[in-house]
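J.: Quick one: sequence and predicted model below, then my questions.
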Amino acid sequence: MFPWNSFFPLNKNMKDMMKNMNPEDVDQYVKGVMKQMFPSDWQGTQNPGDFMKNMNNMMGGKQNGPEKDQERHENNPKIPVNVFEALEHIYIHIKLQDEELVKNMKVFHTSNQAILENIPSSGERQVITLPSLVKKKGSSAQYKDGILEIKIPKSIDLQYTEIDVAERK
């Protein structure tokens, strides 16, 4: 037996206890815990569906309704980006008809994201998640025929560690 098994709240009798449990009892228990955790003035103010939608909005998810979604899209338009993964590089193609955008924009990258700043307008920022890890150095960008091509070398990390598997008794 492992010494950490005593830290888990589930024990051998839990399976039998779950079989004998009534769904109404579970509901009562959950409601009791919720009353203890949340202030009394929160109870009954929102239904669970509205609460989850509001939480989704706060976390940056889609907004409710087509008008609000369209309004958000108009206020923060994103530049269409194509990301390609080759054997040794990640390529990002951005279609830009206005050469002034290229002159004003700044491009950065981390090990797994590319960041475009001042595009489509000054102060705007667009983050692109890359399909694999990339190296810190060796990136290049070239604007030709209305397309900005960013080329970032992939990081080939072949370091791995063996994990010994012990037989369980």
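T.: Looks like it arrived, so ask away. Residues are numbered from 1 along each chain as shown.
J.: what's the helix or strand for the closest residue to residue 140 other than its chain neighbours?
T.: Among residues not flanking residue 140 along the chain, residue 151 sits closest, at 5.0 Å (Cβ to Cβ, 6 or more residues apart in numbering). All C-beta spots, glycine's among them, are computed from the backbone N, C-alpha and C. Residue 151 belongs to strand 147-153 when assigned by DSSP states H and E.
J.: Helix or strand with the lowest mean pLDDT in this structure?
T.: helix 66-75 (a mean of 42; mean pLDDT, DSSP states H and E).
J.: about what we covered before: the strand holding residue 151 pairs with which strands?
T.: Strand pairing for strand 147-153, using DSSP bridges, gives strand 89-95 (antiparallel), strand 140-144 (antiparallel).
J.: any idea which of the ones you listed is most buried?
T.: strand 89-95 (a mean of 18; mean count of other Cβ atoms under 10 Å).
J.: Would you map out the domains in this structure?
T.: Domain ranges of the chain: 1-76, 80-153, per automatic domain parsing.
J.: By residue count, which helix of the chain is the longest?
T.: Taking DSSP state H as the criterion, the chain has its longest helix at helix 23-37.
J.: average pLDDT for that helix?
T.: Mean pLDDT, helix 23-37: 79.
J.: now stretch 115-127
T.: 88.
J.: Then stretch 132-150?
T.: On average, stretch 132-150 scores 93.
J.: cool, and stretch 153-163?
T.: Computed over stretch 153-163, the mean pLDDT rounds to 83.
J.: for stretch 80-96, same thing?
T.: Stretch 80-96 comes out at a mean pLDDT of 92.
J.: continuing past the least confident helix or strand of the chain, what's the next helix or strand?
T.: Helix 66-75 is succeeded, C-terminally, by strand 81-85 (DSSP H and E).
J.: Residues contacting that next one, please?
T.: 90-94, 126, 128, 130-132, 154 (Cβ atoms under 8 Å, 6 or more residues apart in numbering).
J.: do you know which of the strands paired with strand 147-153 lies nearest residue 162?
T.: With Cβ to Cβ as the measure, strand 89-95 is the member of the strands paired with strand 147-153 nearest residue 162 (29.4 Å).
J.: Now do the closest one: everything it contacts.
T.: By Cβ under 8 Å, 6+ apart, the surrounding residues in contact with strand 89-95 are 79-85, 114, 116, 128, 130-132, 134, 146-154.
J.: give me that answer again for 6 Å
T.: The contact list for strand 89-95 (Cβ atoms under 6 Å, 6 or more residues apart in numbering) reads 79, 81-84, 114, 130, 134, 147-153.
J.: Restricting to C-alpha, output that strand in CSV.
T.: Extracted C-alpha coordinates of strand 89-95, given in CSV (Å, rounded to 0.1, in the frame of the first residue of the first chain):
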residue,chain,number,x,y,z
HIS,A,89,10.1,25.9,-39.9
ILE,A,90,6.8,27.5,-39.0
TYR,A,91,5.5,29.9,-41.7
ILE,A,92,2.9,32.6,-41.0
HIS,A,93,1.3,34.3,-44.0
ILE,A,94,-0.6,37.6,-43.5
LYS,A,95,-2.4,39.2,-46.4
